[in-house]
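> using only what follows, build the 3D model:
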Amino acid sequence: MGLFQLAEHPTEGPIRYVRPTVKFSASPASVRRQAPVLGEDNASVLGELGYSAEEIDDMLREGVLARAPARG
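I've put the predicted structure just below:
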């Protein structure tokens, strides 16, 4: 049925994931990016919640947040 697809994750290696389960003829679904690594989206999520860049930097400096490992 082609439900699963194998993709190479930049830090985790090969990962098997479920393809989108519905198909639309006019707008086909696809996976556009890999799952984020732990901490990768911290700044954007906290920014959306109203934290300033300075507050986020303070949290990183104080060890409240972990820095995401570099991809590549």
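
> break the protein into its domains for me.
1-35, 36-72 (automatic domain parsing).

> wait, a helix at residue 54?
Yes. Membership of residue 54 in a helix is supported by DSSP: H, G, I helix; E, B strand; the rest coil.

> per-residue pLDDT, it?
Per-residue pLDDT puts residue 54 at 96.

> check residue 44 too.
Reported pLDDT for residue 44: 92.

> what residue is smack in the middle of the protein?
Most central in the chain under Cα atoms, centre = their mean is residue 36, positioned 2.3 Å from the mean C-alpha point.

> so the nearest residue to it once chain neighbours are set aside: helix, strand or coil?
Leaving aside its chain neighbours, residue 36 sits nearest to residue 68 (7.7 Å; criterion: Cβ to Cβ, 6 or more residues apart in numbering). (Each C-beta comes from the backbone N, C-alpha and C, glycine too.) Using three-state DSSP as the criterion, the local structure at residue 68 reads coil.

> thanks a lot, see you next time.
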